[in-house]
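> mind folding the following:
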Amino acid sequence: MRTKFAVASAACVAATVGFWVRGIEWHHVDPAPVASVKRAASPEAAKPASLALDHPTAKHNRSLGNRNLFAYREAPAPIERVAYIAPPPVVVERAIAPPPVVVEEKPRLRFTSRYIGKFGPDRNPIAAFTRDGQVTTVRVGERVDEHFVLRRIGIESVEVEARDAGETITQQVPLG
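Residues are numbered from 1 along each chain as shown. A predicted model of the protein is given here:
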């Protein structure tokens, strides 16, 4: 992979400007002498020059801002502390239920006869009912009891209807 000259030179210029803006200084540091290493005869060769980097924030000028070109970090947002006042305690009073309203329910009319079968021709059939040992035969539209009227005769059931206080009660009575 080839690197263009313009890109490499721009990176070098950016690094140099970054060091210059941050105020980083390189200092000459003498290492501690090591007794076991044999040095050359010349006194200059006995002390190798080493460079150490001061901490970047030590020489930082606050008027230039707090910026690192290579690792930018935002300062954390200040934490807002909010104090809430506790609400006053809620007093719950026990509700007193009103006395139940007594409604007298009128018993529903019930068909008490038993359907025992169908007789006669299909165009004018007759239904047979039994109650308390008495057999009654009725055609469609005639009364079965004092309240019920026969409305329809089917193969396995009949339909009877009663009117009670303006309300129509329809009941299907099976065979047997």
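
> strands of this protein, residue ranges please.
26-29, 50-53, 114-119, 126-131, 134-138, 148-153, 157-164, 167-174 (DSSP state E).

> if I read this right, residue 127 contacts residue 120, doesn't it?
No - here residue 127 lies out of contact with residue 120, judged by C-beta atoms under 8 Å, at a distance of 9.2 Å. For glycine as for every other residue, the C-beta is placed from the backbone atoms N, C-alpha and C.

> neighbour count for these two, which is higher?
Comparing residue 127 with residue 120 by other C-beta atoms under 10 Å, the one with more neighbours is residue 127, at 26 against 12.

> hang on, the earlier thing: closest to residue 93 out of the strands of the chain?
Within the strands of the chain, the stretch nearest residue 93 is strand 167-174; the backing value is 43.0 Å (C-beta to C-beta).

> buried sites along that closest one?
The neighbour-count check on strand 167-174 (16 or more other C-beta atoms under 10 Å) flags residue 173 as buried.

> for residue 169, which non-adjacent residue is closest in space?
Take residue 169 and drop its neighbours on the chain: the residue closest to it by C-beta to C-beta, 6 or more residues apart in numbering is residue 162, 4.7 Å away.

> okay, the one you found and residue 4: tell me how far apart.
Look at residue 162 and residue 4: by C-beta to C-beta, to the nearest Å, they are 104 Å apart.

> now the residue nearest to residue 136 when sequence neighbours are not counted, which residues is it bridged with?
What sits nearest to residue 136 in space, not counting adjacent residues and going by C-beta to C-beta, 6+ apart, is residue 129, at 4.9 Å. Residue 129 has these beta-bridge partners by DSSP bridges: residue 115, residue 136.

> am I right that residue 129 is in contact with residue 111?
No - between residue 129 and residue 111 there is no contact under C-beta under 8 Å: 9.2 Å.

> which one's the longest helix in this structure?
helix 5-22 (DSSP state H).

> what about stretch 125-140, how long is it end to end?
Using C-alpha to C-alpha, to the nearest Å, the end-to-end distance of stretch 125-140 comes out at 8 Å.

> repeat that for stretch 159-170.
Its first and final residues considered, stretch 159-170 spans 7 Å by C-alpha to C-alpha.

> appreciated, that's everything.
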